[in-house]
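Q: need a 3D model of the following:
(chains A and B)
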2 protein chains.
Amino acid sequence: MPLGRRRTAPDPPVAPSPPAPTPALRGGVDLGGTKIQALVLDEAHTVLGRARLETPREGGPEAVTGAVAAALGEALAAAGAEAGGLRGIGVGTPGAVDATAGTVANARNLPDWIEPYPFAAELSRRLADVPVALGNDVDVAIRGEHALGAGRGHDELLGVWWGTGVGGGLVLGGRMWAGRGFAGEFGHLVVRRGGALCGCGNRGCVEAYAGRKSMEAWVRRREAKGERTDLFRLMEKHDKDRLTSGIWWRAVRDEDPLALRAVERALQALGAGIASAVNLLDLPLVIIGGGMGDRFFATHGDQIAQYTHESLFRAGSPPAIVPGALGDDAGALGAALLLG
Amino acid sequence: MPLGRRRTAPDPPVAPSPPAPTPALRGGVDLGGTKIQALVLDEAHTVLGRARLETPREGGPEAVTGAVAAALGEALAAAGAEAGGLRGIGVGTPGAVDATAGTVANARNLPDWIEPYPFAAELSRRLADVPVALGNDVDVAIRGEHALGAGRGHDELLGVWWGTGVGGGLVLGGRMWAGRGFAGEFGHLVVRRGGALCGCGNRGCVEAYAGRKSMEAWVRRREAKGERTDLFRLMEKHDKDRLTSGIWWRAVRDEDPLALRAVERALQALGAGIASAVNLLDLPLVIIGGGMGDRFFATHGDQIAQYTHESLFRAGSPPAIVPGALGDDAGALGAALLLG
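A: Okay, the predicted model is just below:
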């Protein structure tokens, strides 16, 4: 039976029928450059159904929107529900999100998705016209960790999302801090003025050292200068076209010298950035997530803490530095929370 | 007639006398390493009386407390009021302030003031037992600029207090952001990991490049290595025992090469730090104050803005960068606001 309809029950003898209940389920989607993670949740945030699909590599926004709808369809089927039973769908997406207009632009990790695309309307159209809310991918993941994961019960925290780039988000006074709409660019704290060129065009940002993409560019330049590394051999062996966090993790495990140095630079930049943020805001909690963060926290979280402590103004009151608790679900759970 | 008493008026024939009015005046003090600025204000923050005394160079906390009381006495006299007419006194002070306990410790710019001293109680005792509220010197100055000066009407801003050190303070959501009690250490944002040694013991902080004390140490090292500068000749000529902001200003005006380089390094560090704070918090407004800031903003504010823009993630929406509007009164005005 589709959810969202009442079970048949004997009519009460006198009282008028109660109004039809509002659909109680929510969809949450984490749209990434590699995969689409879709969840169907009840009001208590219990996952009733889940699905994961690969993100299309071509076909533009239409193909991606179709794949998101398909992932949600699978998650709904797993939950024994239908799209009409959702009271809404939240999606965390890369690129420039205009939540009010329901559009996404400049999603460079998605195929041919530069111009603003009416993602919310197009996804809604494919799913029984259910309302769709959009959010930034890192923002929703930190929202998820705050509400349901490692940040639960905390009113102040910094989320550091260490992946292809280095994203961030702040919870202040119990709420995500938006600034004028674009706060949280932890990856663009300057930790070495005039230093390494960053993808953003500036120099010396955290991301210029710690972003997976910057790390790959750095080892490629080193290799071109004759330094030895197994990173690219591992990449080919595992049939990848870039240095994924899994490849980095294997190379570090195997003590590849260039991989070790690249990760060391990343950890130092992350620590200096975290210390800067804590010196400015005196935050009690830092949550590390993202593809690289998820891979490396268990083995290298202590080093992040050490490099943070080296630059803390108040050595006596360091923040707790913890890994995300929701793993791959953080983004989709947080996206579902966009519905309020 | 002492303020705080009612003017004589014919008794109303029947109604009971209204209660005696609460004293309406407030005292505000900015206690600095060089001078003590005292103001007497009415409820509309109009300055009714003011006084400035030199800070004692010896005699410990007792002598300083006596001098603060004397400065307030002069300001009260100028206002035609007495201590009993104050509903309270707010004091901005260097060192580690425990506002609840009313103590100050580790005020290294004040004579022999290391152990916690019951400053609020001792000052109150000297001034008709009027309540005394304590605050951090930079914090109260930024509070003053927010309420009455360059930040008026703004709910979000960063104050950068460029002086002996580099202090800072954040207004978020209309209120000073305290964190766990020690937020706002803008001077200890890391702008060059592993860089210049800072007074705090860490490396590469904004203050390690821009603090007046660090700037002086840097030119002394350069001079010892044979580089030429007129800075110390100017210092002696003006009968100073350190490079004051006035000495720096004269040397820069005279195009002293080493002074120009030191100030350039400071401006670069300030710009990188401001950009970091704005990238993280997306703030619309930055107020520059402090002894060096007050001296240099008119001639070098554009350069601070330029170095900020070089490291901004969102080049299209820079913050407004403005000088403080209250000058030397910022601290004393903000201190008076501590009384609520």
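Q: C-alpha from now on. contacts and neighbour counts both.
A: Fine.
Q: name the helix or strand of chain A that has the lowest mean pLDDT.
A: Lowest on mean pLDDT, DSSP states H and E among the helices and strands of chain A sits strand A:96-98, with a mean of 93.
Q: give the other helices and strands that that one contacts.
A: Applying 3 or more Cα pairs under 8 Å, 6 or more residues apart in numbering or on different chains; DSSP states H and E, we find strand A:96-98 packed against strand A:103-105, strand A:132-136.
Q: one more time with 6 Å
A: Helices and strands touching strand A:96-98, by 3 or more Cα pairs under 6 Å, 6 or more residues apart in numbering or on different chains; DSSP states H and E, are strand A:103-105.
Q: partners of whatever helix or strand residue A:91 lives in, with directions?
A: Using DSSP states H and E, residue A:91 sits within strand A:86-93. Paired with strand A:86-93 in the same sheet, following DSSP bridges, are strand A:25-31 (parallel), strand A:132-136 (parallel).
Q: which strands border the least confident helix or strand of chain A, and is each parallel or antiparallel?
A: Next to strand A:96-98 in the sheet, as set by DSSP bridges, lie strand A:103-105 (antiparallel).
Q: other residues contacting the strand it pairs with?
A: For strand A:103-105, the surrounding residues in contact (Cα atoms under 6 Å, 6 or more residues apart in numbering or on different chains) are A:95-97, A:114-119.
Q: excluding chain neighbours, what is closest to the spatially most central residue of chain A?
A: In chain A, the centroid-proximal residue (Cα atoms, centre = their mean) is residue A:138; its distance is 3.9 Å. If the residues on either side of it in the chain are set aside, residue A:138 comes closest to residue A:167, at 6.2 Å by Cα to Cα, 6 or more residues apart in numbering or on different chains.
Q: ok, that neighbour touching residue A:188?
A: No. Between residue A:167 and residue A:188 there is no contact under Cα atoms under 6 Å: 8.6 Å.
Q: and those two? Which one has more around it.
A: Using other Cα atoms under 10 Å in any protein chain shown as the criterion, residue A:167 and residue A:188 rank with residue A:188 on top: 32 against 24.
Q: tell me the contacts of that one?
A: A:205-206.
Q: distance check, it against residue A:338.
A: In this view, residue A:188 and residue A:338 are 25 Å apart by Cα to Cα, to the nearest Å.
Q: same question for residue A:323.
A: 22 Å.
Q: settle it for me: which of these two has more neighbours?
A: residue A:323 (23 against 20).
Q: quick one: contacts for that one?
A: Residue A:323 sits next to A:287-288 when contact means Cα under 6 Å, 6+ apart.
Q: what do you get if the cut-off is 10 Å, keeping everything else the same?
A: A:145, A:149-151, A:159-160, A:286-290, A:293-294, A:296-298, A:301 (Cα atoms under 10 Å, 6 or more residues apart in numbering or on different chains).
Q: what of residue A:119?
A: With Cα under 10 Å, 6+ apart, residue A:119 has these contacts: A:61-62, A:64-65, A:91, A:93, A:97, A:101-105, A:125, A:132-134.
Q: which of the residues you listed lies closest to residue B:209?
A: residue A:97 (38.0 Å; Cα to Cα).
Q: now stretch A:54-71: buried residues?
A: A:54-56, A:61-62, A:64-71 (16 or more other Cα atoms under 10 Å in any protein chain shown).
Q: and that stretch, how far out from the chain middle?
A: Chain-centre distance of stretch A:54-71: 18 Å, with Cα atoms, centre = their mean, to the nearest Å.
Q: check stretch A:123-134 too.
A: That offset, for stretch A:123-134, works out to 21 Å (Cα atoms, centre = their mean).
Q: buried residues in that stretch?
A: A:123-124, A:126-127, A:130-134.
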